[in-house]
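Student: quick one, fold the following:
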Amino acid sequence: MLYYSFFKRFLPVALIATMILGSVQLTAQRQQFELACIAFYNVENLFDTINEPGKMDIDYTPEGRYLWDTEKYLDKLDKLAWVLKRLGTDKSPDGAAVIGLAEVENRRVLEDLAAHEDIRDRNYQVVHYESADFRGIDNALFYNPDYFEYISSRPLPFEIERPDGSIERNRDVLLVTGKLMGEKIHIMVNHWPSRRGGEAATRYKRNRGAQVNRAIVDSLKAEDPMAKVIVMGDFNDDPVNESIKKYINAVGDRNSMEAENMYNPFYDAFRRGLGTNAWRDSWSLFDQIIISYGLAQEQGEGWRYFRSEIWNHRNLVQRTGRFKGYPYRSFAGGQYIWGYSDHFPVFIYLVRPVQ
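Tutor: Now for the predicted structure:
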């Protein structure tokens with residue numbers, strides 16, 4: 001069966017009716033669904049070992065701060081491939097069809113990761129553009145061509161006017177359009193400016209990032225009011241901050257959303273105290289996947305939202321020491337500490353009826 005290798009069997013309606021269909025008639029219990037996993041992961045400074053002119057990557061060389069050599073680089077790839085291999089496999093044995101990535105240095109490291117023996121058989125293809133980020137890190141996308149047909153992509157410039165009138169260039173927003181098992185979908189991958197200098201003092205930067213995304217969402221919906229759009233990334237803001245609530249216009253309740261709203265399935269997780277990254281004993285949920293009205297509707301044809309998850313597998317959690325319970329990060333105190341990332345990955349499942 002064409003779908004079996006990707007979708008972990010078709011799910012009987014009786015198992016998921018309460019989540020996506022409400023009540024169902026007994027005669028409908030044989031209805032079957034396809035299921036797809038869409039993921040995002042901030043991989044925390046995936047650099048190669050080469051000092052590249054024009055980038056602030058000297059720390060990630062054998063002579064640099066982290067004594068970044070081939071052994072550590074290969075270990076980092078091992079750790080990340082271990083994670084990517086498992087994302088979404090509870091319901092989709094072939095894992096995520098699409099994975100947005102943040103904090104990657106260049107195309108080379110992405111190709112090395114995609115070629116890792118743990119995930120090589122998925123044949124992940126790379127979408128990446130160099131950005132103007134001063135740290136030399138970019139956003140990127142992996143897609144499995146068996147399930148996602150690439151159509152187009154482009155980097156969306158993300159410029160901020162500082163209070164003094166100067167212009168700050170940030171990591172571009174990556175827009176990728178393709179067909180997920182034949183159905184058009186648009187995906188934007190983000191990594192917004194940090195809160196360094198204070199949340200309030202830097203808020204305008206993230207609000208600007210939200211405006212860049214919202215403008216594209218609106219342009220896509222002008223062409224198709226039911227356009228299926230995904231905005232994912234490390235926003236350095238929580239679901240309740242104004243960048244997400246006001247400028248993205250994302251709500252946490254599908255039942256009350258209107259056509260101009262987007263839906264944030266991670267809102268409830270944040271309200272329950274869950275997070276994807278921690279600092280000073282406080283959790284934040286900066287990593288989110290937000291979807292358009294066309295994907296959030298509980299009924300209808302084509303792909304629609306089913307479930308979300310923060311993947312905080314025990315291997316990704318620091319088990320001892322001062323930061324016990326935090327994400328098991330790669331770098332701390334000027335050293336490589338052989339972890340995974342300072343963020344947990346997130347993903348959503350989409351489903352659609354089998355015709």
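Student: pLDDT score for residue 280?
Tutor: Here the pLDDT value assigned to residue 280 is 85.
Student: same question, the one 10 residues further on
Tutor: You'll see residue 290 listed with a pLDDT of 98.
Student: tell me the contacts of it?
Tutor: Counting by C-beta atoms under 8 Å, 6 or more residues apart in numbering, residue 290 touches 230, 231, 232, 244, 248, 250, 262, 263, 264, 265. (Each C-beta comes from the backbone N, C-alpha and C, glycine too.)
Student: ok so the fourth one is a helix residue?
Tutor: It refers to residue 244. Yes. Per DSSP: H, G, I helix; E, B strand; the rest coil, residue 244 lies within a helix segment.
Student: thought it was touching residue 210?
Tutor: Yes. With contact defined as C-beta atoms under 8 Å, residue 244 counts as touching residue 210 (6.8 Å).
Student: spatially central residue in this structure, please.
Tutor: residue 40 (2.1 Å; C-alpha atoms, centre = their mean).
Student: can you report phi and psi for it?
Tutor: phi -140, psi 140 (degrees, to the nearest 10).
Student: against residue 236, how distant is it?
Tutor: Residue 40 sits 14 Å away from residue 236, going by C-beta to C-beta, to the nearest Å.
Student: related to what we said a few turns ago, quickly list what's touching both of residue 244 and residue 210.
Tutor: residue 235.
Student: ok, back up a step: quick one: contacts for the residue nearest to the centre of the chain?
Tutor: Residue 40 neighbours (C-beta under 8 Å, 6+ apart): 99-102, 189, 232-234, 287-289, 345-347.
Student: look up which residues are beta-bridged to it.
Tutor: residue 100, residue 346 (DSSP bridges).
Student: residue 289 and residue 229 touch, don't they?
Tutor: No. Assessed by C-beta under 8 Å, residue 289 is found out of contact with residue 229, at 11.2 Å.
Student: ok so, going back, show me the two of the contacts of residue 290 that sit farthest apart.
Tutor: Pairwise distances across these peak at 14.3 Å for 230 and 244 (criterion: C-beta to C-beta).
Student: paired strands for the helix or strand where residue 142 lies, with orientation please.
Tutor: Following DSSP states H and E, one finds residue 142 within strand 138-143. The pairing partners recorded for strand 138-143 under DSSP bridges are strand 98-104 (antiparallel), strand 125-128 (antiparallel).
Student: which of those sits most buried?
Tutor: A comparison of these by mean neighbour count, using mean count of other C-beta atoms under 10 Å, puts strand 98-104 on top with a mean of 27.
Student: just the CA trace of it, in PDB.
Tutor: Output of strand 98-104 as PDB, limited to C-alpha atoms (Å, rounded to 0.1, in the frame of the first residue of the first chain):
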ATOM      1  CA  VAL A  98       9.000  18.100   6.900                       C
ATOM      2  CA  ILE A  99      11.300  19.500   9.500                       C
ATOM      3  CA  GLY A 100      12.100  23.100  10.000                       C
ATOM      4  CA  LEU A 101      15.600  23.800  11.500                       C
ATOM      5  CA  ALA A 102      17.200  26.800  13.200                       C
ATOM      6  CA  GLU A 103      20.800  27.600  14.200                       C
ATOM      7  CA  VAL A 104      22.600  25.900  11.300                       C
END
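Student: just checking, next helix/strand downstream of that strand?
Tutor: Using DSSP H and E, the next helix or strand after strand 98-104 towards the C-terminus is helix 107-114.
Student: what ranges do the helices span in this structure?
Tutor: 13-16, 70-86, 107-114, 199-223, 242, 267-271, 293-296 (DSSP state H).
Student: so for residue 47, which of those sits nearest?
Tutor: Nearest of the helices of the chain (C-beta to C-beta): helix 107-114, 6.8 Å.
Student: how far off centre is the closest one?
Tutor: Relative to its parent chain, helix 107-114 has a centroid offset of 17 Å by C-alpha atoms, centre = their mean, to the nearest Å.
Student: same deal with stretch 154-162?
Tutor: With C-alpha atoms, centre = their mean, you get 19 Å for stretch 154-162.
Student: any idea of the mean pLDDT for it?
Tutor: Rounded mean pLDDT across stretch 154-162 is 91.
Student: likewise for stretch 257-274?
Tutor: Rounded mean pLDDT across stretch 257-274 is 96.
Student: and if you look at stretch 197-216?
Tutor: On average, stretch 197-216 scores 96.
Student: now for residue 184: which residues touch it?
Tutor: Neighbours of residue 184 in contact, by C-beta under 8 Å, 6+ apart: 151, 177, 178, 227, 228.
Student: what's the closest of those to residue 258?
Tutor: residue 227 (15.4 Å).
Student: next, the closest residue to residue 75 other than its chain neighbours: phi, psi?
Tutor: Spatially, and ignoring its direct neighbours in sequence, residue 75 is nearest to residue 338 (6.3 Å; C-beta to C-beta, 6 or more residues apart in numbering). Per-residue torsions, residue 338: phi 70, psi 30 (degrees, to the nearest 10).
Student: same check on the one 4 residues further on?
Tutor: When read as degrees, to the nearest 10, the backbone of residue 342 gives phi -90, psi 10.
Student: ok, residues contacting stretch 263-278?
Tutor: Contacts of stretch 263-278 (C-beta under 8 Å, 6+ apart): 42, 238-240, 244, 248, 250-254, 257, 283-293, 295-296, 305, 307-308, 310, 323, 325-327, 342-346, 348.
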